[in-house]
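Participant: Build me a model:
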Amino acid sequence: MSPPIDLAAIRTLERCLFRAWPALQTLTTAGWVQRFANGYTKRANSINALEAEVPLSPEARDILEQPYRTRGLPPIWRLTPLAPPETDSVLAALGYRRIEESLVQTAPLDARFAADPEVVLVSAPSPSWLARFAELSPVAPAHRETMTRMLTSIAAPVAFAHVEQAGRLVAFALGVADGDHVGLFDVLVAPEARRQGLARRLTRSIGAWGRMQGARSIYLQVVATNAAARALYAELGFETVYSYAYRVP
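Facilitator: Numbers count the residues shown, from 1 in each chain. Below you'll find the predicted structure:
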């Protein structure tokens, strides 16, 4: 028998995720959180159940989707175990596609997380950090202003990490501390610098930084089909707490 789902723990992590990756505008309707960021990333432009008060009726769906249609954005649903059970099947019946199954994983901040001397951590991103990060992501030119606004509006303690080789930025990550937790986001390594262990070194350094901020655990999101990343994270003690997926029109 599977252990019961800890909805309180999921809700805590979801709140951390929202604060760590801030939308430019947020609305809350009947326990659903609607996030808007001019279309930059699905995480920041989606409908999320946090404390949903009622089942997903046709009327509720229309109310939740209308602000996206008004803004010229597709209504994207991000479905976690906090969503009412029928939500996924209701959207499926309407033809919404299910994409990007992702895992939210956590690990205790133990001795495996140690700072690497070649990983540079700063509290604010430089123009060159932002430009190279956008190039590697890649972020469309139309979204780069929104990306910069989001990254520079994170209220919690934040570490912008990079590794430089031969005068060129080749690897990035973002860490956001929030009480007992530190979040790891957007580990990026340039093609020419892969297979050098940089993702591991960035992850360990963000964890070490988080421990200095008072965090006791580290969390991340990884696409379920990313076998290489999942193997790395398993080596560092990460275990899945819950999963989510998107439903898109």
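
Participant: From residue 99, how far out is residue 138?
Facilitator: 19 Å (CB to CB, to the nearest Å). To be clear about C-beta, it is placed using only N, CA and C from the backbone, and glycine gets the same treatment.

Participant: likewise residue 120?
Facilitator: Taken as CB to CB, the span from residue 120 to residue 99 is 34 Å.

Participant: These two: who's more crowded?
Facilitator: Of the pair residue 120 and residue 99, residue 120 is the one with more neighbours under other CB atoms under 10 Å, namely 15 against 12.

Participant: Quick one: residues contacting the more buried one.
Facilitator: With contact set as CB atoms under 8 Å, 6 or more residues apart in numbering, residue 120 has these partners: 161-164.

Participant: and the residues you listed, which two are the farthest apart?
Facilitator: Farthest-apart pair in these is 161 and 164; separation 11.1 Å (CB to CB).

Participant: Compare those two and say which one has the larger neighbour count.
Facilitator: The residue with more neighbours, out of residue 161 and residue 164, is residue 161; 24 against 14, by other CB under 10 Å.

Participant: In this structure residue 206 contacts residue 184, no?
Facilitator: Yes: counting by CB atoms under 8 Å, residue 184 is a contact partner of residue 206 at 5.1 Å.

Participant: what is in contact with those two at once?
Facilitator: Taking CB under 8 Å, 6+ apart as the criterion, residue 206 and residue 184 both touch 173-175, 218.

Participant: Now render those as JSON lines, adding pLDDT, distance to residue 239 and neighbour count.
Facilitator: Shown next, in JSON lines, are these (pLDDT from 0 to 100; distance: CB to CB, whole Å; neighbours: other CB atoms under 10 Å):
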{"residue": "173", "pLDDT": "98", "distance to residue 239": "20", "neighbour count": "26"}
{"residue": "174", "pLDDT": "97", "distance to residue 239": "22", "neighbour count": "22"}
{"residue": "175", "pLDDT": "98", "distance to residue 239": "19", "neighbour count": "27"}
{"residue": "218", "pLDDT": "98", "distance to residue 239": "12", "neighbour count": "29"}
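
Participant: Out of these, which is nearest to residue 12?
Facilitator: For those, the nearest to residue 12 is residue 218 (14.1 Å; CB to CB).

Participant: The helix or strand containing residue 59 - contacts with which helices or strands?
Facilitator: Using DSSP states H and E, residue 59 sits in helix 58-70. Judged by 3 or more CB pairs under 8 Å, 6 or more residues apart in numbering; DSSP states H and E, the packing partners of helix 58-70 are strand 25-29, strand 32-36, strand 47-49.

Participant: for those strands, which one ends up most surrounded?
Facilitator: Stretch with highest mean neighbour count among the helices and strands packed on helix 58-70: strand 47-49 (a mean of 24; mean count of other CB atoms under 10 Å).

Participant: and that one, average pLDDT?
Facilitator: Averaging pLDDT along strand 47-49 gives 97.

Participant: For this structure, which segments count as helices?
Facilitator: 7-20, 58-70, 87-93, 127-136, 144-151, 198-212, 227-235 (DSSP state H).
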